[in-house]
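Asks: this one's structure only:
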């Protein structure tokens, strides 16, 4: 073969070698790309696994405050966040909800329209990088270490009720332009869960609330009735009970009508509640009878409360007519640990003694009986 014939063969061989090297490089790049995709898939799988775990804890929460605790703990621990904070609007459905157990560090109340004034109602997720020149008005001095934040707007954008803030010291964590699908899903889950929790709590409260007086009803008492007092109020707690009944209520109803009777019951419940402590359960037992439980109240103080209650109740008027009430007082020492229904029954019997003695007074149950 001539030298001229050798050149094409060498060229072909050289081209084939280059092509093999090119295919090898393409194959290496493809393997690297597949490895990166698989790694992202594994990361996403782990991410959604943590999200599903958080969702299950959120759904198991008993009330809005418990739900907020679950979210605060779960987001911080499972997603390595340097800040998790709620901003709730006072003017929204959640604004009237007491959340004293959530610290001011984790929950900030907003005035009406603040979310809209910040322009956050335009979309559900906002990603922001922070610097000395660029901040966010709702952040405080304690947040100076944050380098990026995500703001998740909760509820319908036409009527947002809050914002969930997630902060990181990593400036790339919530860099604008990054995919926000995961965060948008989280915003929807949190928003709907809080709305459902408040609705469930409201329905549960209505079920155990007397519609006329606003006090508890017998349904509220049912789960506790057969339990020892210590099961409800804790070990080592003395408990007193006042049982109150309007004197000649049927006669008043017959003479003045049901509207006057309802007015008396509403004023009576309001008067008793105003004298009792916020944590003392007031229960409408039926008709014109109420039971007031006084956990951790010494007997002498309960006697003073009974006297003050009678004084205030006897000042109640309807249709220019004053009312009269009778009450029974019973005491259960912590060592006795009576059942709830026994203590209420003792106070009820003492109330009948007060009525038998002419009414308009209170009598104390005899512990020896």
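Replies: Yep, it's here. All of these numbers come straight from a predicted model, not from anything done at the bench. Residues are numbered from 1 along each chain as shown.
Asks: from here on, just use CA atoms for contacts and neighbour counts.
Replies: Fine.
Asks: just the helices from the stretch 251-369 of the chain, written as ranges.
Replies: With DSSP state H, counting those that start in this stretch, the ranges of helices along the stretch 251-369 of the chain come out as 258-275, 299-313, 340-356.
Asks: which of the ones you listed sits closest to residue 194?
Replies: Of all these, helix 258-275 sits nearest to residue 194, with 30.0 Å by Cα to Cα.
Asks: name the helices or strands packed onto the closest one?
Replies: If you count contacts as 3 or more Cα pairs under 8 Å, 6 or more residues apart in numbering; DSSP states H and E, helix 258-275 packs onto helix 249-256, helix 299-313, strand 317-318.
Asks: which residue ranges of this structure form strands?
Replies: 83-89, 107-110, 125-129, 148-154, 162-168, 239-246, 282-286, 289-295, 317-318, 321-322, 325-332, 362-364 (DSSP state E).
Asks: rebuild those strands as JSON lines, extending it with distance to residue 301, mean neighbour count and mean pLDDT.
Replies: Formatted as JSON lines, these follow (distance: least, Cα to Cα, whole Å; neighbours: other Cα atoms under 10 Å; pLDDT from 0 to 100):
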{"stretch": "strand 83-89", "distance to residue 301": "40", "mean neighbour count": "21", "mean pLDDT": "94"}
{"stretch": "strand 107-110", "distance to residue 301": "38", "mean neighbour count": "17", "mean pLDDT": "93"}
{"stretch": "strand 125-129", "distance to residue 301": "55", "mean neighbour count": "21", "mean pLDDT": "95"}
{"stretch": "strand 148-154", "distance to residue 301": "47", "mean neighbour count": "25", "mean pLDDT": "95"}
{"stretch": "strand 162-168", "distance to residue 301": "44", "mean neighbour count": "23", "mean pLDDT": "95"}
{"stretch": "strand 239-246", "distance to residue 301": "10", "mean neighbour count": "27", "mean pLDDT": "96"}
{"stretch": "strand 282-286", "distance to residue 301": "17", "mean neighbour count": "21", "mean pLDDT": "95"}
{"stretch": "strand 289-295", "distance to residue 301": "10", "mean neighbour count": "22", "mean pLDDT": "96"}
{"stretch": "strand 317-318", "distance to residue 301": "27", "mean neighbour count": "16", "mean pLDDT": "88"}
{"stretch": "strand 321-322", "distance to residue 301": "26", "mean neighbour count": "11", "mean pLDDT": "88"}
{"stretch": "strand 325-332", "distance to residue 301": "11", "mean neighbour count": "27", "mean pLDDT": "96"}
{"stretch": "strand 362-364", "distance to residue 301": "13", "mean neighbour count": "24", "mean pLDDT": "95"}
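Asks: a markdown table for the ones you listed, including distance to residue 18?
Replies: Converted to a markdown table, the strands of the chain look like this (distance: least, Cα to Cα, whole Å):
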| stretch | distance to residue 18 |
| --- | --- |
| strand 83-89 | 54 |
| strand 107-110 | 64 |
| strand 125-129 | 46 |
| strand 148-154 | 47 |
| strand 162-168 | 48 |
| strand 239-246 | 93 |
| strand 282-286 | 90 |
| strand 289-295 | 90 |
| strand 317-318 | 105 |
| strand 321-322 | 109 |
| strand 325-332 | 96 |
| strand 362-364 | 106 |
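Asks: my guess is residue 293 contacts residue 241, does it?
Replies: Yes - at 4.6 Å, residue 293 and residue 241 qualify as touching, with contact defined as Cα atoms under 8 Å.
Asks: follow-up on the earlier one: among the helices of the stretch 251-369 of the chain, which is the most enclosed?
Replies: Most buried of the helices of the stretch 251-369 of the chain, by mean neighbour count (mean count of other Cα atoms under 10 Å): helix 340-356, with a mean of 21.
Asks: what's the spacing between that helix and its chain's center?
Replies: How far helix 340-356 lies from its chain's middle: 36 Å, per Cα atoms, centre = their mean, to the nearest Å.
Asks: apart from its neighbours in sequence, what residue is nearest residue 359?
Replies: Once flanking residues are discounted, residue 359 sits nearest to residue 326: 5.2 Å by Cα to Cα, 6 or more residues apart in numbering.
Asks: show me what contacts the one you found?
Replies: 244-247, 310, 351, 354-355, 359-362 (Cα atoms under 8 Å, 6 or more residues apart in numbering).
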